[in-house]
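>>> Predicted model follows, preceded by the sequence.
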Amino acid sequence: MNHTELVTLKGGAQVSKLGLGTAQLGGLFSSVDDSEGQALIDTAVAQGIRYFDTAPHYGKGTSEKRLGKYLSRYPRNSWVLSSKVGRLLVPTEKEDDSFFLDADNSVERLNDYSESGIRRSFEDSLERMGVDSIEIVYIHDPDDFADEAIHQAYPALEKLRSEGLIKSIGLGMNYNEIPTRMINETDVDVIMNAGRYTLLDQSAADELFPAALRKGVSIVSVGVFNSGVLANPNPNSHYFYEPAPAFIIERALEFQNALQEFGVSLQQAAIQFPTRHEAVKCVVVGCRSSESLLENIKNFDAPISAEAWAKVDEIIARHRKEDAK
């Protein structure tokens, strides 16, 4: 595996096989100061990371503002950007943010998947990041707005694409059903699949990935550690943003113990696993520090033998059989 390998997504955006997610630049769970943030982006660029993902949701605009500033010291054609639409940031005097500690609490999030809302969201992101185009734009988490996403948000992004302001139209979610609908009912380019093709959950391979392969849609895999349980399984681990059930922790430890026989760490297998499916074009991971990013790069590039993957497949097959009972 080589994290710097360039792959072309549907729509034409060329990204590194490993990309950097920047929710942490919004202060996700703990604050990040400017020097730490700039050092993270400098390290990523120096290490050949070409693809950077953000969203208005991350710190209510803070991640976008910081990422735009940090990347501005590098030539615009040396990095590829994605952000998201579907949440407007509107003035407020009432909201704090307990998840993003560096959030801009002068605004609050407002779901809006209408054509006018999508264009406004996109234009606001351009302004926050100080750019005049964004290569990939994802419709963000339309969990309760599937029809609006398909019939209003998607056509709005088509117009932006026709104007040359974006290359690839995407959808980013933690679930499979709406992205599968989006593939079947539109000409979407990219699906950002969060946590549904990992060592612990392969549900995206049932319908979503086959649909993507049929229509040439690119999959970007995120959430590869399932909220942390595949990074460090312990009684305090999280799985899909909630405390991990005991059986999930047991399964993560089972993978960890089995892989030790092959000299492979759980983190190495977790970060590389999605790339084994032909639908997956790249993996995006969120990092808080340069040290964390370098560790993820090392794990992504580490050699894993066919024998180790065979053991992984054996364990997964057994788990799926157990779950089917």
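Nice, thanks for sending it over.

>>> all strands for the stretch 1-150 of the chain, in order.
Listed in chain order, the strands of the stretch 1-150 of the chain (DSSP state E, counting those that start in this stretch) span 6-8, 14-16, 18-21, 51-53, 80-85, 87-91, 107-111, 136-140.

>>> how about the strands in the stretch 201-325 of the chain?
218-222, 238-239, 242-243, 280-286.

>>> Tell me which stretches of the stretch 201-325 of the chain form helices.
All helices of the stretch 201-325 of the chain, identified by DSSP state H, counting those that start in this stretch, fall at 208-215, 246-260, 266-272, 290-301, 306-324.

>>> Q24 is nearest to which of the strands of the stretch 201-325 of the chain?
For Q24, the closest of the strands of the stretch 201-325 of the chain is strand 280-286, at 5.5 Å, according to C-beta to C-beta. Where you see a C-beta, it was placed from the backbone N, CA and C, and this is true even at glycine.

>>> State the number of residues packed around F145.
The criterion is other C-beta atoms under 10 Å. On that basis, F145 has 18 neighbouring residues.

>>> Report pLDDT for it.
pLDDT, the model's per-residue confidence, is 96 for F145.

>>> quick one: contacts for it?
With C-beta atoms under 8 Å, 6 or more residues apart in numbering as the criterion, the residues that contact F145 are G86, N111, Y113.

>>> isn't the first one right next to R109, touching?
No. Taking contact to mean C-beta atoms under 8 Å, the distance of 9.5 Å between G86 and R109 leaves them out of contact.

>>> Between those two, which is the more surrounded one?
Set side by side, G86 and R109 show more neighbours around G86, with 27 against 18, by other C-beta under 10 Å.

>>> gap between the residue nearest to the more buried one when sequence neighbours are not counted and D201?
Distances taken as C-beta to C-beta, 6 or more residues apart in numbering place H140 nearest to G86, at 4.4 Å, with adjacent residues excluded. The span separating H140 from D201 equals 21 Å under the rule C-beta to C-beta, to the nearest Å.

>>> ok, those two, which is more surrounded?
In terms of neighbours (other C-beta under 10 Å), H140 is the more surrounded of H140 and D201; the figures are 23 against 17.

>>> roughly how far apart are that one and N184?
When distance is defined by C-beta to C-beta, H140 is 20 Å away from N184.

>>> try E127
Looking at E127 against N184, where the rule is C-beta to C-beta, the gap reads 34 Å.

>>> what does A258 give?
Spatial separation of A258 from N184 under the definition C-beta to C-beta is 37 Å.

>>> More neighbours: these two, which one.
For A258 against N184, the residue with the higher neighbour count under other C-beta under 10 Å is A258, and the figures read 17 against 13.

>>> which residues touch the more buried one?
Contacts of A258 were listed using C-beta under 8 Å, 6+ apart, and they are K311, V312, I315.

>>> most neighbours, which of those?
Top of these by neighbour count (other C-beta under 10 Å): V312, with 21 neighbours.

>>> If we ignore the residues flanking it in sequence, what's nearest it?
What sits nearest to V312 in space, not counting adjacent residues and going by C-beta to C-beta, 6+ apart, is A269, at 6.1 Å.

>>> okay, the one you found: pLDDT?
98.

>>> So it sits against I315, correct?
No. With contact taken as C-beta under 8 Å, A269 and I315 are classed as non-touching, separated by 10.4 Å.

>>> Which helix or strand contains I183?
Taking DSSP states H and E as the criterion, I183 maps to helix 177-185.

>>> Would you mind measuring from the residue lying farthest from the centre of the chain to K167?
Farthest-out residue of the chain from its mean C-alpha position, per C-alpha atoms, centre = their mean: K325, at 31.7 Å. When distance is defined by C-beta to C-beta, K325 is 45 Å away from K167.

>>> Distance of E250 relative to D33?
Distance from E250 to D33, by C-beta to C-beta: 38 Å.

>>> err, L110, not the other one
For L110, the distance to D33 (C-beta to C-beta) stands at 29 Å.

>>> contacting residues for the nearest residue to K215 once chain neighbours are set aside?
Nearest residue to K215, sequence neighbours excluded (C-beta to C-beta, 6+ apart): I183, at 5.7 Å. In this structure, I183 makes contact with I191, L208, A211, A212, K215, V217, judged by C-beta under 8 Å, 6+ apart.

>>> One more: E163?
Taking C-beta under 8 Å, 6+ apart as the criterion, E163 is in contact with no other residue.

>>> where does it land on pLDDT?
According to the model's per-residue confidence, E163 sits at a pLDDT of 96.

>>> How about A324?
Per-residue confidence at A324 stands at 82 (pLDDT).

>>> So what's the residue count around it?
6.

>>> How about D96?
9.

>>> Repeat that for the one 4 residues further on.
Close neighbours of F100, defined as other C-beta under 10 Å, add up to 24.

>>> circling back to that earlier point, check the contacts of I183 and tell me the two furthest apart.
Spanning the widest gap among these are L208 and K215, at 11.5 Å by C-beta to C-beta.
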